[in-house]
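[1] sequence below, structure please.
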Amino acid sequence: MVLLDVNMPALSGDQLLRVIRDSSLARQDWEPQFIFVSANDATTLERLVKETGVLGAIEESGGPEAIISGFRELLGV
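    The predicted structure follows:
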């Protein structure tokens with residue numbers, strides 16, 4: 001499982017995701033699951049999830065508890 005912040009300097013999370021998927025890491029017997037974490041609004045995150053095919057996105061505006069809760073919800077635990 002890889003958590004990627006959407007708003008990183010230099011490369012955004014969705015750009016870094018493309019680099020990882022195009023690299024030799026993605027050519028293994030497995031592909032890691034990705035989740036975006038971001039302060040972006042829900043509409044932007046939903047669009048990014050659809051465009052990139054990641055497992056989901058978590059809004060970080062609720063603090064650490066919201067991130068943990070969102071992570072558990074996405075994983076179904």
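[2] how would you label the residue positioned nearest the centre of the chain: helix, strand or coil?
    Centroid-nearest residue in the chain: residue 36, 2.0 Å away (criterion: C-alpha atoms, centre = their mean). Judged by DSSP: H, G, I helix; E, B strand; the rest coil, the three-state class of residue 36 is strand.
[3] distance of it relative to residue 21?
    Residue 36 is 14 Å from residue 21, where distance means C-beta to C-beta, to the nearest Å. C-betas here are computed from N, CA, C, even on glycine.
[4] now the lengthiest helix in the chain: buried residues?
    Criterion DSSP state H: the longest helix present in the chain is helix 63-75. Using 16 or more other C-beta atoms under 10 Å as the test for burial, helix 63-75 gives 67, 70-71, 74.
[5] could you work out the most separated pair of the residues you listed?
    Maximum pairwise distance in these, criterion C-beta to C-beta, is 10.7 Å, between 67 and 74.
[6] per-residue confidence for the residue located most distally from the centre of the chain?
    Using C-alpha atoms, centre = their mean, the residue of the chain lying farthest from its centre is residue 29. It sits 20.8 Å away. What the model reports for residue 29 is a pLDDT of 70.
[7] distance of it relative to residue 18?
    21 Å.
[8] what's the answer for residue 36, then?
    13 Å.
[9] what does residue 50 give?
    15 Å.
[10] next one: residue 60
    Where residue 18 is concerned, residue 60 sits at a distance of 22 Å (C-beta to C-beta).
[11] again, but for residue 69
    According to C-beta to C-beta, residue 69 and residue 18 sit 28 Å apart.
[12] any figure for the gap between residue 58 and residue 29?
    27 Å.
[13] ok, now residue 64?
    Distance from residue 64 to residue 29, by C-beta to C-beta: 33 Å.
[14] before we move on, what about residue 47?
    Relative to residue 29, residue 47 is positioned 31 Å away (C-beta to C-beta).
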